[in-house]
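Q: Build me a structure from this.
(4 chains)
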There are 2 protein chains.
Amino acid sequence: MDGFTLIADPTRRQILDRLRGAGSDVGGLIAALGLPQPLVSKHLKVLREAGAVTATVAGKRRIYQLTADPLPDVLAWVTPYHQLWRDSLDRLARVLDEEEEHDEHDRPGDR
Amino acid sequence: MDGFTLIADPTRRQILDRLRGAGSDVGGLIAALGLPQPLVSKHLKVLREAGAVTATVAGKRRIYQLTADPLPDVLAWVTPYHQLWRDSLDRLARVLDEEEEHDEHDRPGDR
DNA sequence: CATTCATATGACCCTAAAAGCATATTAGGA
DNA sequence: TCCTAATATGCTTTTAGGGTCATATGAATG
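A: Okay, here's the model as predicted:
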(Lines give C-alpha, C1' and ligand atoms only; values in the text may rest on other atoms or scores of the structure.)
Protein backbone atom coordinates (compact mmCIF):
# COMPACT_ATOMS: atom_id res chain seq x y z
CA MET A 1 0.00 0.00 0.00
CA ASP A 2 1.43 3.34 -1.01
CA GLY A 3 1.75 6.31 1.30
CA PHE A 4 -1.18 8.11 -0.26
CA THR A 5 -3.54 5.28 0.48
CA LEU A 6 -1.99 4.97 3.92
CA ILE A 7 -2.89 8.47 4.96
CA ALA A 8 -6.25 8.43 3.22
CA ASP A 9 -7.60 6.70 6.29
CA PRO A 10 -8.34 9.00 9.24
CA THR A 11 -7.72 6.30 11.81
CA ARG A 12 -4.27 5.75 10.42
CA ARG A 13 -3.55 9.46 10.47
CA GLN A 14 -4.55 9.52 14.12
CA ILE A 15 -2.22 6.67 14.88
CA LEU A 16 0.65 8.30 13.04
CA ASP A 17 0.05 11.58 14.81
CA ARG A 18 0.01 9.86 18.16
CA LEU A 19 3.27 8.10 17.42
CA ARG A 20 4.92 11.24 16.19
CA GLY A 21 5.79 12.49 19.65
CA ALA A 22 6.86 9.21 21.19
CA GLY A 23 6.57 5.48 20.73
CA SER A 24 3.65 3.65 22.27
CA ASP A 25 2.39 0.15 22.84
CA VAL A 26 -0.89 -0.98 21.34
CA GLY A 27 -2.72 -0.57 24.61
CA GLY A 28 -1.65 3.03 24.77
CA LEU A 29 -3.01 3.73 21.34
CA ILE A 30 -6.27 1.96 22.11
CA ALA A 31 -6.72 4.00 25.25
CA ALA A 32 -5.73 7.26 23.61
CA LEU A 33 -7.89 6.88 20.54
CA GLY A 34 -10.79 4.94 22.00
CA LEU A 35 -10.82 2.39 19.21
CA PRO A 36 -11.40 -1.38 19.30
CA GLN A 37 -8.23 -3.38 19.66
CA PRO A 38 -8.48 -5.47 16.48
CA LEU A 39 -8.98 -2.33 14.47
CA VAL A 40 -5.87 -0.73 15.87
CA SER A 41 -3.82 -3.88 15.43
CA LYS A 42 -4.89 -4.17 11.83
CA HIS A 43 -4.03 -0.62 11.00
CA LEU A 44 -0.71 -1.09 12.71
CA LYS A 45 -0.08 -4.08 10.53
CA VAL A 46 -0.80 -2.03 7.44
CA LEU A 47 1.48 0.75 8.62
CA ARG A 48 4.15 -1.79 9.45
CA GLU A 49 4.02 -3.46 6.08
CA ALA A 50 4.15 -0.09 4.37
CA GLY A 51 7.28 0.75 6.32
CA ALA A 52 5.82 3.69 8.17
CA VAL A 53 6.22 2.21 11.65
CA THR A 54 8.29 -0.45 13.35
CA ALA A 55 7.43 -2.66 16.29
CA THR A 56 9.90 -3.75 18.92
CA VAL A 57 8.92 -6.52 21.25
CA ALA A 58 9.09 -5.70 24.93
CA GLY A 59 7.76 -8.60 26.94
CA LYS A 60 4.08 -8.90 26.36
CA ARG A 61 3.92 -5.49 24.73
CA ARG A 62 5.00 -4.23 21.37
CA ILE A 63 6.27 -0.73 21.17
CA TYR A 64 5.45 0.99 17.94
CA GLN A 65 7.46 3.89 16.59
CA LEU A 66 7.55 5.95 13.45
CA THR A 67 10.33 5.08 11.06
CA ALA A 68 12.82 7.74 10.09
CA ASP A 69 11.02 8.65 6.89
CA PRO A 70 7.49 7.34 7.21
CA LEU A 71 5.97 8.86 4.06
CA PRO A 72 8.63 9.41 1.45
CA ASP A 73 6.38 9.28 -1.59
CA VAL A 74 3.83 11.65 -0.12
CA LEU A 75 6.40 14.18 0.96
CA ALA A 76 8.08 14.04 -2.42
CA TRP A 77 4.86 14.52 -4.31
CA VAL A 78 3.53 17.23 -2.09
CA THR A 79 6.67 19.29 -2.26
CA PRO A 80 5.85 21.27 -5.41
CA TYR A 81 2.58 22.32 -3.83
CA HIS A 82 4.44 24.07 -1.08
CA GLN A 83 5.21 27.01 -3.31
CA LEU A 84 5.57 29.40 -0.42
CA TRP A 85 7.97 27.18 1.35
CA ARG A 86 9.95 26.59 -1.79
CA ASP A 87 10.43 30.24 -2.34
CA SER A 88 11.49 30.68 1.23
CA LEU A 89 13.96 27.86 0.95
CA ASP A 90 15.38 29.36 -2.20
CA ARG A 91 15.92 32.63 -0.44
CA LEU A 92 17.54 30.76 2.39
CA ALA A 93 19.87 29.03 0.01
CA ARG A 94 20.89 32.31 -1.59
CA VAL A 95 21.47 34.01 1.70
CA LEU A 96 23.48 31.19 3.15
CA ASP A 97 25.55 30.78 0.02
CA GLU A 98 26.50 34.38 0.04
CA GLU A 99 27.44 34.25 3.66
CA GLU A 100 29.72 31.34 3.10
CA GLU A 101 31.15 32.98 0.04
CA HIS A 102 32.85 35.96 1.61
CA ASP A 103 32.83 35.50 5.29
CA GLU A 104 33.75 33.02 7.94
CA HIS A 105 30.85 33.17 10.30
CA ASP A 106 30.40 36.90 10.60
CA ARG A 107 27.25 38.78 9.69
CA PRO A 108 27.23 39.58 5.98
CA GLY A 109 28.80 42.98 5.76
CA ASP A 110 26.42 45.26 4.03
CA ARG A 111 28.43 47.56 1.94
CA MET B 1 -14.18 14.36 -0.45
CA ASP B 2 -11.22 15.44 1.64
CA GLY B 3 -7.79 16.18 0.22
CA PHE B 4 -6.35 12.92 1.43
CA THR B 5 -8.86 10.87 -0.48
CA LEU B 6 -8.40 13.19 -3.43
CA ILE B 7 -4.74 12.45 -3.80
CA ALA B 8 -5.09 8.79 -2.96
CA ASP B 9 -5.98 8.22 -6.60
CA PRO B 10 -3.03 8.17 -9.02
CA THR B 11 -5.08 9.46 -11.93
CA ARG B 12 -6.06 12.48 -9.91
CA ARG B 13 -2.47 13.10 -8.95
CA GLN B 14 -1.54 13.00 -12.63
CA ILE B 15 -4.21 15.53 -13.45
CA LEU B 16 -3.15 17.83 -10.67
CA ASP B 17 0.47 17.57 -11.73
CA ARG B 18 -0.42 18.39 -15.30
CA LEU B 19 -2.42 21.42 -14.23
CA ARG B 20 0.32 22.65 -11.99
CA GLY B 21 2.29 24.29 -14.77
CA ALA B 22 -0.59 25.78 -16.69
CA GLY B 23 -4.32 25.48 -17.17
CA SER B 24 -5.67 23.06 -19.73
CA ASP B 25 -8.90 22.06 -21.36
CA VAL B 26 -10.20 18.54 -20.98
CA GLY B 27 -9.00 17.53 -24.40
CA GLY B 28 -5.50 18.54 -23.48
CA LEU B 29 -5.57 16.37 -20.40
CA ILE B 30 -6.99 13.44 -22.30
CA ALA B 31 -4.26 13.71 -24.91
CA ALA B 32 -1.51 14.21 -22.38
CA LEU B 33 -2.48 11.40 -20.08
CA GLY B 34 -3.94 8.98 -22.59
CA LEU B 35 -7.04 8.33 -20.56
CA PRO B 36 -10.66 7.87 -21.63
CA GLN B 37 -12.66 11.08 -21.67
CA PRO B 38 -15.40 10.08 -19.22
CA LEU B 39 -12.80 9.08 -16.69
CA VAL B 40 -11.04 12.40 -16.92
CA SER B 41 -14.28 14.33 -16.75
CA LYS B 42 -15.35 12.46 -13.66
CA HIS B 43 -12.10 13.04 -11.86
CA LEU B 44 -12.30 16.67 -12.82
CA LYS B 45 -15.74 16.82 -11.29
CA VAL B 46 -14.43 15.35 -8.08
CA LEU B 47 -11.53 17.78 -8.04
CA ARG B 48 -13.88 20.64 -8.78
CA GLU B 49 -16.30 19.76 -6.00
CA ALA B 50 -13.42 19.39 -3.60
CA GLY B 51 -12.23 22.87 -4.50
CA ALA B 52 -8.90 21.80 -5.92
CA VAL B 53 -9.56 23.05 -9.44
CA THR B 54 -11.83 25.53 -11.17
CA ALA B 55 -13.30 25.44 -14.64
CA THR B 56 -13.83 28.49 -16.79
CA VAL B 57 -15.99 28.17 -19.86
CA ALA B 58 -14.37 29.19 -23.11
CA GLY B 59 -16.73 28.43 -25.97
CA LYS B 60 -16.96 24.71 -26.36
CA ARG B 61 -14.02 24.13 -24.09
CA ARG B 62 -13.60 24.35 -20.37
CA ILE B 63 -10.28 25.46 -19.08
CA TYR B 64 -9.30 23.84 -15.84
CA GLN B 65 -6.85 25.40 -13.44
CA LEU B 66 -5.54 24.68 -10.00
CA THR B 67 -7.03 26.83 -7.28
CA ALA B 68 -4.72 28.97 -5.18
CA ASP B 69 -4.51 26.44 -2.37
CA PRO B 70 -5.60 23.11 -3.79
CA LEU B 71 -4.81 20.85 -0.85
CA PRO B 72 -4.93 22.83 2.38
CA ASP B 73 -5.71 19.93 4.69
CA VAL B 74 -3.01 17.71 3.25
CA LEU B 75 -0.35 20.39 3.40
CA ALA B 76 -1.31 21.24 6.95
CA TRP B 77 -1.22 17.67 8.10
CA VAL B 78 1.96 16.79 6.31
CA THR B 79 3.88 19.74 7.65
CA PRO B 80 5.08 18.18 10.90
CA TYR B 81 6.55 15.31 8.91
CA HIS B 82 8.85 17.71 7.09
CA GLN B 83 11.25 17.96 9.98
CA LEU B 84 14.16 18.84 7.74
CA TRP B 85 12.28 21.64 6.09
CA ARG B 86 11.12 22.98 9.38
CA ASP B 87 14.64 23.24 10.63
CA SER B 88 15.70 24.96 7.44
CA LEU B 89 12.87 27.42 7.71
CA ASP B 90 13.78 28.19 11.27
CA ARG B 91 17.30 28.98 10.19
CA LEU B 92 15.89 31.12 7.43
CA ALA B 93 13.77 33.06 9.84
CA ARG B 94 16.75 33.71 12.08
CA VAL B 95 18.99 34.80 9.25
CA LEU B 96 16.45 37.10 7.68
CA ASP B 97 15.55 38.63 10.99
CA GLU B 98 19.12 39.50 11.67
CA GLU B 99 19.58 40.97 8.23
CA GLU B 100 16.56 43.15 8.58
CA GLU B 101 17.78 44.18 11.92
CA HIS B 102 20.73 46.15 10.62
CA ASP B 103 20.28 46.40 6.91
CA GLU B 104 17.90 48.45 4.84
CA HIS B 105 16.49 46.45 1.97
CA ASP B 106 19.43 46.11 -0.34
CA ARG B 107 19.61 42.64 -1.68
CA PRO B 108 23.27 41.78 -1.58
CA GLY B 109 23.79 41.59 -5.33
CA ASP B 110 25.97 38.91 -6.75
CA ARG B 111 29.06 40.62 -7.81
C1' DC C 1 -31.49 24.12 -38.35
C1' DA C 2 -28.69 19.97 -38.77
C1' DT C 3 -24.32 18.34 -37.77
C1' DT C 4 -20.26 17.88 -35.31
C1' DC C 5 -17.08 18.73 -31.66
C1' DA C 6 -16.18 19.16 -26.53
C1' DT C 7 -17.60 17.81 -22.30
C1' DA C 8 -20.72 15.99 -18.84
C1' DT C 9 -23.63 12.53 -16.85
C1' DG C 10 -25.86 7.99 -15.98
C1' DA C 11 -25.97 2.99 -15.34
C1' DC C 12 -23.44 -0.80 -14.44
C1' DC C 13 -19.75 -3.91 -12.75
C1' DC C 14 -15.90 -4.88 -9.95
C1' DT C 15 -12.40 -4.52 -6.49
C1' DA C 16 -10.16 -2.76 -2.33
C1' DA C 17 -10.45 -2.08 2.00
C1' DA C 18 -12.70 -0.81 6.57
C1' DA C 19 -15.30 -2.40 10.51
C1' DG C 20 -16.97 -5.95 13.63
C1' DC C 21 -16.82 -10.26 15.99
C1' DA C 22 -14.66 -14.41 17.19
C1' DT C 23 -10.59 -16.84 17.96
C1' DA C 24 -5.56 -17.84 17.97
C1' DT C 25 -0.89 -16.87 19.88
C1' DT C 26 2.46 -15.82 23.13
C1' DA C 27 4.46 -14.16 27.46
C1' DG C 28 4.40 -13.45 32.44
C1' DG C 29 2.71 -14.27 36.84
C1' DA C 30 0.12 -17.11 40.45
C1' DT D 1 1.39 -25.69 34.74
C1' DC D 2 -2.69 -22.89 34.52
C1' DC D 3 -4.49 -18.46 33.94
C1' DT D 4 -4.70 -14.02 32.34
C1' DA D 5 -3.08 -10.04 29.87
C1' DA D 6 -1.48 -8.12 25.36
C1' DT D 7 -1.64 -8.48 20.73
C1' DA D 8 -2.45 -10.65 16.28
C1' DT D 9 -5.19 -12.93 12.82
C1' DG D 10 -9.32 -14.98 10.23
C1' DC D 11 -13.72 -14.60 8.50
C1' DT D 12 -17.59 -12.00 6.99
C1' DT D 13 -20.27 -8.05 5.70
C1' DT D 14 -20.63 -3.64 3.84
C1' DT D 15 -19.50 0.33 1.38
C1' DA D 16 -16.97 3.70 -1.42
C1' DG D 17 -15.01 4.47 -5.30
C1' DG D 18 -12.74 3.61 -9.94
C1' DG D 19 -13.35 2.07 -14.63
C1' DT D 20 -16.09 1.38 -18.97
C1' DC D 21 -19.65 2.02 -22.25
C1' DA D 22 -23.55 4.46 -23.73
C1' DT D 23 -25.95 8.59 -23.91
C1' DA D 24 -27.11 13.49 -22.96
C1' DT D 25 -26.10 18.50 -23.22
C1' DG D 26 -24.56 22.47 -25.31
C1' DA D 27 -21.81 25.42 -28.22
C1' DA D 28 -19.97 26.40 -32.80
C1' DT D 29 -20.19 25.85 -37.75
C1' DG D 30 -21.85 24.77 -42.26
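
Q: host element of A:Asp90?
A: A:Asp90 belongs to helix A:83-101 when assigned by DSSP states H and E.

Q: Do me a favour and average the pLDDT over that helix.
A: Taken as a whole, helix A:83-101 carries a mean pLDDT of 69.

Q: Any idea which residue is closest to the centre of chain A?
A: Residue closest to the mean C-alpha point of chain A, counted by Cα atoms, centre = their mean, is A:Pro70 at 5.3 Å.

Q: Specify the local secondary structure of it.
A: Assigned state for A:Pro70: coil (three-state reduction, DSSP: H, G, I helix; E, B strand; the rest coil).

Q: what about it, distance to DNA strand C?
A: Going from A:Pro70 to DNA strand C by Cβ to the nearest atom of the strand, to the nearest Å gives 16 Å. The way it works is simple: take the backbone N, C-alpha and C, and place the C-beta from them, glycine included.

Q: for that residue, what are its contacts?
A: Contacts of A:Pro70 were listed using Cβ atoms under 8 Å, 6 or more residues apart in numbering or on different chains, and they are A:Gly3, A:Leu16, A:Gly51, A:Ala52, A:Val53, B:Tyr81.

Q: Of all pairs in those, which one spans the longest distance?
A: The widest separation within the contacts of A:Pro70, taken as Cβ to Cβ, falls between A:Gly51 and B:Tyr81 and amounts to 13.9 Å.

Q: Settle it for me: which of those two has more neighbours?
A: Between A:Gly51 and B:Tyr81, counted using other Cβ atoms under 10 Å in any protein chain shown, the more crowded position is B:Tyr81 (21 against 15).
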